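1. requesting a structural model of the entry that follows:
(3 chains)
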Amino acid sequence: MSHLTENLNPPQFAAVTLPAQHALILAGAGSGKTRVLTTRIAWLIQSSLVSPQGVLAVTFTNKAAKEMLTRLTAMLPINTRGMWIGTFHGLCNRLLRAHHRDANLPQLFQILDSADQLSAIKRLLKALNVDDEKFPPRDLQHFINACKEEGLRPAAVEAWDDFTRKRVALYQEYENQCQREGVVDFAELLLRTYELLERNEPVRAHYQQRFRHILVDEFQDTNTLQYRWLKLLAGGGASVFAVGDDDQSIYAFRGANVGNMRDFEREFHVENVVRLEQNYRSHGNILDAANAIIKHNPDRLGKNLWTDAGAGEPIRVYSALTDLDEARFIVDEIRALVNEGASRSEVALLYRSNAQSRVLEHALFSAGMPYRVYGGLRFFERQEIKHALGYMRLMANPDDDTAFLRVVNFPTRGIGARSLEALQDAARTGGSSLYLAVPAVGGKAGASVGAFVSLIEKLKSACEGLSLPEMVEQVVEQSGLRAHYLADREGEDRLANLAELVNAAANFVSESEEPTLSNFLTHASLEAGEHQAEASTEAVQLMTVHAAKGLEFDVVFLSGLEEGLFPHENSITDPKGLQEERRLMYVAITRARQRLYLSLAQSRMLHGQTRYNLISRFVDEIPEGLTKWLTPKRGEMGFGDYYAPAEPAPRAVPRASTSRAVEGLRVGQAVEHAKFGQGVIVAAEGGGSDARVQVNFGRQGVKWLALSIAKLTPVA
DNA sequence: AATCCGTCTATTTTT
DNA sequence: TAGACGGATT
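-> Prediction:
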């Protein structure tokens, strides 16, 4: 009974062994959060405080859910079958399948991923003849998802102007279309489940009584609907064990509401708040820097990370002249580290936005340094995979117009726009799906479209009694996909991916309890799959800071630490946005175990223009004693010690057209202004008494100043 | 049906 | 700068 809690530190132990009451666990970065969560479940079960059936554990990603399950099976000798451990969406799916009638859904409803949803919306707009300039599909998609995430059906959305009224009407049309086609989007999974529980008293009572302990991971990332969903499920007296870190809330832009943590504490009358502040990951200097930065945020729930691992190395700061120099510095440094025996896979290269990876990748590539970029296209999102799945979706559900349109003419089989128009007319008249409207279409169009239906029917009978992987093979073969990519001289990779899809199906069969076609399709939508096949293992890891959340590395390079990039310019004027940027910085820093590099470029190419940025305020927020500058600090350069990069002169920095010298000042020159402080000249125009320069003062903004009026003193 | 070309846009992203 | 997209061209 005791070995579970062995080696837990006091707060961890306290959290794991809390009585059956609501609890809020503030788990700092690297504080053993997953361990506490899983040990809590194991402890509850082992102490007979709950049966496995009484546990509901929710995560955001499949990866986290899988991790939890793996650890749990290692801790407990029981099988985890009866346990509900999964993502919000996965659990909702499970619930809706079990109660599809009560939820007014077909048993084999399909799940639309974001791309499917977007194409469904585009199709809707076209069918309704809506001007997609006025109502861009993407905006509408966001609008619809935002409404659903607030728990609002069209009738409940307040619309005070024509524009909003129209959007709400389109939202309603979209709902009708989805219902007609038997498909649900991601947000719908949650909303539909919420409504099911809310309106159906027997179903609600059943689950409220069943789940005695509800555990939530990454609570700071929950949105409004998820919070209400939890509240509803816990309404029967369950204890909610919420684990989260308000300082790592970095997904507000997609609906996450950190306020849920405070609301939870208040509305659930939480008396057990446990802080996990001992960090087992990073050295002291790194934690001190993270603490110092995050202290600049007001309204925190409050937490201070500490370690007994010792201060470790200082944080290295490098100010490069250009983005190219920055990349070269990083590559040189990594090469040196690797020569000293570091493992490339333990080196991470982080950046705020994806666009920044290009220069870095180029430098790594030229140096022959293996690297891996996270966050590309995922397996089930590749077009050839989507095509193959499109056929399978149509086989499972003839009402799925999205799937129909995706594959009806791919590979091309002479079904053009006019045939489809005729078909769409027929479908509209008959109030049916495209597939079922086919018999109603005559003439040439009817023939070509009819042939397609025959193909699907033929596939269906050919697949009868086959296993999933065999079905995939049949589909790839008979649909003509294989022949198509075989004929395409760039189709080699796609064919390989289709072969991989057969493997994926085989894996699914061996792992799934009920490997039906429909379940496989659900799996494909809900778990889009690893970003890429594990490329060569010994590679430097490149990713955005967002993608790095939850990961850790011996060495971290954090690049592009410039005002406008990080914090990003779109967030700089909004206090909330700036605070989220700061939390992002906090996440970035706490990824490093032993060594942390911060780098920036004084000028960089962005959107085809050279930009001159000031050093990020976040670097300034780190106490001096924690850092070691590898280059002279801006503003501290004397005449003699201009920093010369290791290579000869840096490549000519591309100049903006207005960069000619004006009154002794030039573009790129750092200047001081009495009121605005330090800035960098980014453009200049006019001459003589008209001369004006544009100066980027960072947090004070970018200003045009007339040299005849403003006093600007060159710095450094 | 495939290709070409001009236009537009440019945080972060899981399910 | 570069990529994605849509419309027009062949």
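2. any idea of the pLDDT on whatever residue of chain A ends up closest to DNA strand C?
-> Closest residue of chain A to DNA strand C, Cβ to the nearest atom of the strand: residue A:608 (2.4 Å). In short, each C-beta sits where N, CA and C put it, glycine included. pLDDT for residue A:608: 87.
3. what's the answer for residue A:249, then?
-> 97.
4. one more: residue A:219?
-> 98.
5. how close does the residue of chain A closest to DNA strand C sit to residue A:355?
-> Separation of residue A:608 from residue A:355 (Cβ to Cβ, to the nearest Å) stands at 11 Å.
6. who has more neighbours, the two?
-> Counted by other Cβ atoms under 10 Å, residue A:608 and residue A:355 do not tie: residue A:355 has more neighbours, with 12 against 6.
7. near DNA strand B, which residues of the stretch 401-550 of chain A?
-> Within the stretch 401-550 of chain A, the positions lying close to DNA strand B (Cβ under 7 Å from any atom of the strand) are A:409, A:412, A:414, A:415, A:416, A:526, A:527, A:528, A:543, A:544, A:546, A:547.
8. are any of these buried, and if so which?
-> A:409, A:415, A:526, A:527, A:528, A:543, A:544, A:546, A:547 (16 or more other Cβ atoms under 10 Å).
9. can you flag which of these belong to helices?
-> Judged by DSSP state H, helices contain the following of those: A:526, A:546, A:547.
10. can you put those in JSON lines and add distance to residue A:393?
-> As requested, these are exported to JSON lines (distance: Cβ to Cβ, whole Å):
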{"residue": "A:526", "distance to residue A:393": "14"}
{"residue": "A:546", "distance to residue A:393": "30"}
{"residue": "A:547", "distance to residue A:393": "29"}
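11. check contacts around residue A:478.
-> A:455, A:458, A:459, A:462 (Cβ atoms under 8 Å, 6 or more residues apart in numbering).
12. just the pLDDT for it.
-> 95.
13. what's the separation between it and residue A:463?
-> Between residue A:478 and residue A:463 the computed distance is 9 Å (Cβ to Cβ).
14. the contacts of residue A:478, buried ones only, as a PyMOL selection?
-> Buried residues among those (16+ other Cβ under 10 Å), as a PyMOL selection:
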select buried, chain A and resi 455+459
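15. under the pLDDT cut-off, which ranges of the stretch 451-600 of chain A? List them.
-> For the stretch 451-600 of chain A, the stretches flagged by pLDDT under 70 are A:530-536.
16. what segments of it are helices?
-> Counting by DSSP state H, counting those that start in this stretch, the stretch 451-600 of chain A has helices at residues A:468-478, A:481-487, A:492-511, A:517-526, A:545-548, A:575-589.
17. and for the stretch 201-350 of chain A?
-> Taking DSSP H, counting those that start in this stretch as the test, the helices found in the stretch 201-350 of chain A are A:201-210, A:224-233, A:259-267, A:284-294, A:323-339.
18. give me the contact status of the longest one with DNA strand B.
-> No - taking Cβ under 7 Å from any atom of the strand as the criterion, helix A:323-339 and DNA strand B are apart, separated by no less than 14.6 Å.
19. can you name every helix or strand that that helix contacts?
-> strand A:315-322, strand A:347-351, helix A:357-366, strand A:553-558, strand A:592-606 (3 or more Cβ pairs under 8 Å, 6 or more residues apart in numbering; DSSP states H and E).
20. neighbouring contacts of that helix?
-> So helix A:323-339 is in contact with A:318, A:320, A:344, A:347, A:349, A:359-360, A:362-364, A:367, A:369, A:540, A:555, A:557, A:559-560, A:597, A:599-601, A:603-605, A:645-647, A:650-651, going by Cβ under 8 Å, 6+ apart.
21. try the shortest one
-> Around helix A:259-267, the neighbours that count as contacts under Cβ under 8 Å, 6+ apart are A:22, A:24, A:219-220, A:222, A:224, A:227, A:231, A:240, A:242, A:244, A:246, A:270, A:273, A:301.
22. isn't residue A:697 up against residue A:710?
-> No - Residue A:697 is beyond contact range of residue A:710, at 11.5 Å (criterion: Cβ atoms under 8 Å).
23. now the common contact residues for those two.
-> residue A:673.
24. shaky segments in chain A?
-> In chain A (pLDDT under 70), the answer is A:1-2, A:530-536, A:634-665, A:685-690, A:699, A:716.
25. which residues of it lie near DNA strand B?
-> So far as Cβ under 7 Å from any atom of the strand goes, chain A lies against DNA strand B at A:60-63, A:87, A:89-90, A:113-114, A:186-187, A:250-251, A:253-254, A:352-355, A:375, A:409, A:412, A:414-416, A:526-528, A:543-544, A:546-547, A:568, A:570-571, A:577, A:581, A:607-608.
26. apply 6 Å and report the result again.
-> Contact residues (Cβ under 6 Å from any atom of the strand) of chain A with DNA strand B: A:60-63, A:87, A:89-90, A:113-114, A:186, A:253-254, A:353-355, A:375, A:409, A:412, A:414, A:416, A:526, A:528, A:544, A:546-547, A:568, A:570-571, A:607-608.
27. if we can go back for a sec, winner for burial among the helices and strands packed on helix A:323-339?
-> Each of the helices and strands packed on helix A:323-339 was scored by mean neighbour count; the highest is strand A:347-351, a mean of 25, by mean count of other Cβ atoms under 10 Å.
28. now residue A:680: which helix or strand?
-> Counting by DSSP states H and E, the element that carries residue A:680 is strand A:677-685.
29. next SSE downstream of that strand?
-> Remark: after strand A:677-685, the chain's next helix or strand is strand A:692-696, criterion DSSP H and E.
30. could you say what helices and strands the helix or strand that that following strand is followed by packs with?
-> Toward the C-terminal end, the helix or strand that comes next after strand A:692-696 (DSSP H and E) is strand A:702-706. In terms of contacts (3+ Cβ pairs under 8 Å, 6+ apart), strand A:702-706 is packed against strand A:692-696.
31. which residues sit against the strand it packs on?
-> Contacts for strand A:692-696 (Cβ under 8 Å, 6+ apart): A:563-564, A:612-614, A:662, A:665, A:671, A:673, A:676, A:679-686, A:702-707, A:712.
32. stretch A:605-616 too?
-> With Cβ under 8 Å, 6+ apart, stretch A:605-616 has contacts from A:319, A:323, A:355, A:359, A:561-567, A:585, A:600-604, A:634, A:653-656, A:667-668, A:678-682, A:696-698.
33. switch to 6 Å and redo it
-> Outside stretch A:605-616, the residues that touch it by Cβ atoms under 6 Å, 6 or more residues apart in numbering are A:561-564, A:566, A:600, A:603-604, A:654, A:668, A:680, A:682, A:698.
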